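>>> Sequence first, then the predicted structure:
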Amino acid sequence: VQLQASGGGLVQAGGSLRLSCAASGHTFSSYAVGWFRQAPGKEREFVGGIRRSGDSTYYADSVKGRFTISRDNAKNTLYLQMNSLKLEDTAIYYCATRTGILVADSRRYDYWGQGTLVTVSS
């Protein structure tokens, strides 16, 4: 099982980026998928996630209304659309999957992508 996160980069505050998470070895429709981020010197935090069924998404309060998670089953790829980016969104972003229900606790995830760096500049 491999997860490949991509799409990170440098963007000005107020701008947008779309991150992708591609899976090989399993299908997203069989797993709950979470997006997490870790800023320098900080703990990894839950950004948002999508249920295995794909019918519900959840977001941390800090990104609600700005970030959107979607899934393309045909491509077996998950997306994190990030709009109105702020300086505090700067972090390495990870996607992760677990076989159970969607949870915010990163310790309960089984598989992780390698992370993609998002840098928001002023």
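That came in fine, so what should we check first?
>>> who touches the most centrally placed residue in the chain in this structure?
Computing the C-alpha centroid of the chain and ranking residues by Cα atoms, centre = their mean puts residue 35 first, at 2.6 Å. Counting by Cβ atoms under 8 Å, 6 or more residues apart in numbering, residue 35 touches 19, 21, 46-49, 69, 80, 93-96. Where you see a C-beta, it was placed from the backbone N, CA and C, and this is true even at glycine.
>>> That one belongs to a strand, doesn't it?
Yes. Assessed by DSSP: H, G, I helix; E, B strand; the rest coil, residue 35 belongs to a strand.
>>> re the thing from before, who wins for neighbours among the contacts of residue 35?
The residue in those with the most neighbours, by other Cβ atoms under 10 Å, is residue 95 (32 neighbours).
>>> Mind listing the residues bridging to that residue?
With DSSP bridges as the criterion, residue 95 is bridged to residue 35.
>>> which residues of the protein score low on pLDDT?
Along the chain, no part satisfies pLDDT under 70.
>>> just to revisit the earlier point, can you tell me which of the contacts of residue 35 lies nearest to residue 120?
For the contacts of residue 35, the residue nearest residue 120 by Cβ to Cβ is residue 93; the value is 11.7 Å.
>>> and the gap between that closest one and residue 44?
For residue 93, the distance to residue 44 equals 10 Å [Cβ to Cβ, to the nearest Å].
>>> Appreciated, that's everything.
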